[in-house]
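[1] Sequence below, structure please.
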Amino acid sequence: MAGKNANDKKIDLTTTIGTLSFPHVFESTKTKNDKGEDIYDIQIIIPKTDRVGLQALARAIKEVGQSRWGDNYNKVKNPLRDGDKEKDKIADDGQTYGDKYPERLGCYFLNARSRKPVGVFDRERTPITDPNVLYGGCKGRISVTFYPYSTQGNSGVGVGLNGVQMLGEGEPLGGGRPNVESMFDLLPDEDDLGLDDVADEPEPEPEPETKPAAKKAAKGKGKGKKQSEPAPVDEDDDADAGYDDLDDLDSLADDDS
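    The predicted structure is shown next:
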């Protein structure tokens, strides 16, 4: 952390339960920090209806920010971002953030990072070692450290990642595989599915031979067209962006209700 001050404060906190997204905790992301070090990170999305959980985060961020910048803390980058206020921003692929990340609407979200792998645990605090178990869309919470930073002309409250706890399944994000319930009906064992009738069906009549001219036309149809590759999913285009309009968060941190 550059520019450390004597009054700087760090606060360790475990977030409320939310939706985990962009889980890169078993392997580093392709991005490296300014020192060329690997980055392990994750995002947690928390609905605005969870006022108690968000209030704890807002108060910790404010306390850390004030330890360095006093009342000017709301002029630096705040890591707790409002999905509704970012919905009209345009991502690199031309989509709005609201269309690309609909799971953030009606929520705040937080990105946390580490320079080394962190522990991942289930609800019984048993370590999870299979990377396929943790996915974008599952439910969980994260342990973080808030700290002030000032480096390369940027100032704000940073979020260090200490650990991840997966607490339950959820709807996969970013075009992930659908769950089994949505793909297949539950069928009784006694249902033969009409498979016995297949053998009794007459064989289909052979199709008439296609004329050479038709074959040539069919062969040339669509020539030169290349199937477009699907857009990559589960990549946050703006993981480091700050949210400077802190009126809502500031009032949340000061709310004693």
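
[2] what mean pLDDT would you report for stretch 29-37?
    Averaged across stretch 29-37, pLDDT comes to 73.

[3] Pull out the buried residues from it.
    In terms of neighbour count (16 or more other Cβ atoms under 10 Å), stretch 29-37 has its buried residues at Thr29. C-betas here are computed from N, CA, C, even on glycine.

[4] ditto for stretch 85-103
    Judged by neighbour count using 16+ other Cβ under 10 Å, the buried positions of stretch 85-103 are Glu86, Lys87, Tyr97, Lys100, Tyr101, Glu103.

[5] Surely the third one touches Lys87?
    The one in question is Tyr97. Yes - counting by Cβ atoms under 8 Å, Lys87 is a contact partner of Tyr97 at 5.5 Å.

[6] between the two, what contacts are shared?
    By Cβ atoms under 8 Å, 6 or more residues apart in numbering, Tyr97 and Lys87 have these common neighbours: Arg104.

[7] mind showing which ranges of the stretch 51-200 of the chain have poor pLDDT?
    For the stretch 51-200 of the chain, the stretches flagged by pLDDT under 70 are 175-184, 187-200.

[8] Tell me which stretches of it form helices.
    51-69, 97-100, 180-183 (DSSP state H, counting those that start in this stretch).

[9] can you tell which of these is closest to Gly137?
    When those are compared by Cβ to Cβ, helix 180-183 sits nearest Gly137, at 13.1 Å.

[10] Only alpha carbons, please: show stretch 14-29 as CSV.
    Output of stretch 14-29 as CSV, limited to C-alpha atoms (Å, rounded to 0.1, in the frame of the first residue of the first chain):
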residue,chain,number,x,y,z
THR,A,14,-17.1,-11.1,7.0
THR,A,15,-19.8,-10.0,4.6
THR,A,16,-23.4,-10.9,4.8
ILE,A,17,-24.6,-13.7,2.5
GLY,A,18,-24.9,-12.8,-1.1
THR,A,19,-24.4,-14.2,-4.6
LEU,A,20,-20.8,-15.0,-5.6
SER,A,21,-19.6,-14.0,-9.0
PHE,A,22,-16.3,-14.2,-11.0
PRO,A,23,-14.7,-16.7,-8.6
HIS,A,24,-11.0,-16.8,-9.5
VAL,A,25,-9.7,-18.1,-6.3
PHE,A,26,-8.2,-21.5,-7.2
GLU,A,27,-6.2,-20.1,-10.2
SER,A,28,-5.1,-16.5,-10.8
THR,A,29,-6.9,-14.3,-13.3
